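>>> test case, fold it:
(one chain, ligands or ions: 1)
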Amino acid sequence: MHKLIHFLKQANNIVFMTGAGISAESGIPTFREAQTGLWEKFKAEELATPQAFEQDPLLVWKWYQWRRQLIAKNKPNPGHLAITKIQNELKHVTLITQNVDGLHQEAGTRDVIEFHGNIRNNKCSYCSHVENNSDNQSDVIPQCPNCEVNLRPAVVWFGESIPESASQQSMQAASQADLFFSVGTSSRVYPAAGLVELARQNKATIVEINPNATPMTSIADYVFAEPASVALQRIIEVLSLPGDLVNTKSNI
Ligand code: OAD
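The predicted structure follows:
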């Protein structure tokens, strides 16, 4: 652990990439975990594709309204707050998240790169109109003021591209990282999972935080096989040690 803290203090570019696991401790279900994952109970192709929205917009809209209400009831947890603290204390900390829940921003992390969009917003499929949906609990789908078509949740659906600026910023951050944390993601969804590989190719030290092994565990230099809040809080605690202690030679 002290060796990792040394890396953290020396690193010029630190990148965190998070997935649903970091929000699990806030009470928000993940996608692929047995029993509790959303894709265990719901069919992604009926709810999270452009075709699904075309075929049954109300079904898709109601499912997203349900998820939005679930998210609105929950708060950032110590894992989200720890990343904010690390960003405040160290230089050049970039956060890329696959999560659409906005909890990193609520926890105070700055310049969050939203790889899969943000569920709190709606957007038009035809023009650039985006609007906040936080105060809307209605089952009536709002219309685009310009195009007079249904607005949709501003998230990335299966089969869609990652928003251009998020994709470019993430690839740049991953390729420049000297320390890359992969936190609470199954690393099974591309192109997000490819960012870890990109960082690795560019010689970053890789840290994985996840109670369960993933396809990226074997390329990680450090593995914290425990919940995000536990691992990140431990890192925060050790980071607060005086400088002479963090230089001691010890492995994780
Ligand atoms: P997954 O549901 O695929 O994976 C969640 C991961 O979190 C699993 O590997 C768990 O082991 C881990 N986990 C659970 N609790 C944890 C905890 N307390 N601390 C740390 N890790 C924990 O979720 P994602 O990898 O985020 O796409 O899924 C990627 C994308 O697939 C999502 O962004 C979503 C989904 O379809 C879109 O919405 C476009």
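
>>> a strand runs through residue 95, doesn't it?
Yes: under DSSP: H, G, I helix; E, B strand; the rest coil, residue 95 falls within a strand.

>>> give the bridge partners for it, please.
Beta bridges link residue 95 to residue 16, judged by DSSP bridges.

>>> can you pull the contacts of the spatially closest residue to residue 15 that is not a sequence neighbour?
Nearest residue to residue 15, sequence neighbours excluded (Cβ to Cβ, 6 or more residues apart in numbering): residue 177, at 4.1 Å. Yep, even glycine has a C-beta here, placed from its N, CA and C like the rest. Contact analysis of residue 177 by Cβ atoms under 8 Å, 6 or more residues apart in numbering lists 13-15, 94, 199, 202, 204.

>>> how far away is residue 177 from residue 219?
To residue 219, residue 177 is 14 Å away according to Cβ to Cβ, to the nearest Å.

>>> just residue 147 next, same as before
45 Å.

>>> residue 74 now?
Taken as Cβ to Cβ, the span from residue 74 to residue 219 is 32 Å.

>>> and stretch 66-75, what's buried?
Within stretch 66-75, the residues scored as buried using 16 or more other Cβ atoms under 10 Å are 67-68, 71.

>>> next one: stretch 24-41
Buried residues in stretch 24-41 (16+ other Cβ under 10 Å): 24-26, 28-31, 33, 37-38.

>>> what does it contact?
By Cβ under 8 Å, 6+ apart, the list of residues contacting stretch 24-41 reads 19-21, 23, 70-71, 73-80, 101, 103, 184, 186, 188, 227-229.

>>> out of those, who's near the ligand?
19-21, 184, 186, 188, 227-228 (Cβ under 6 Å from any ligand atom).
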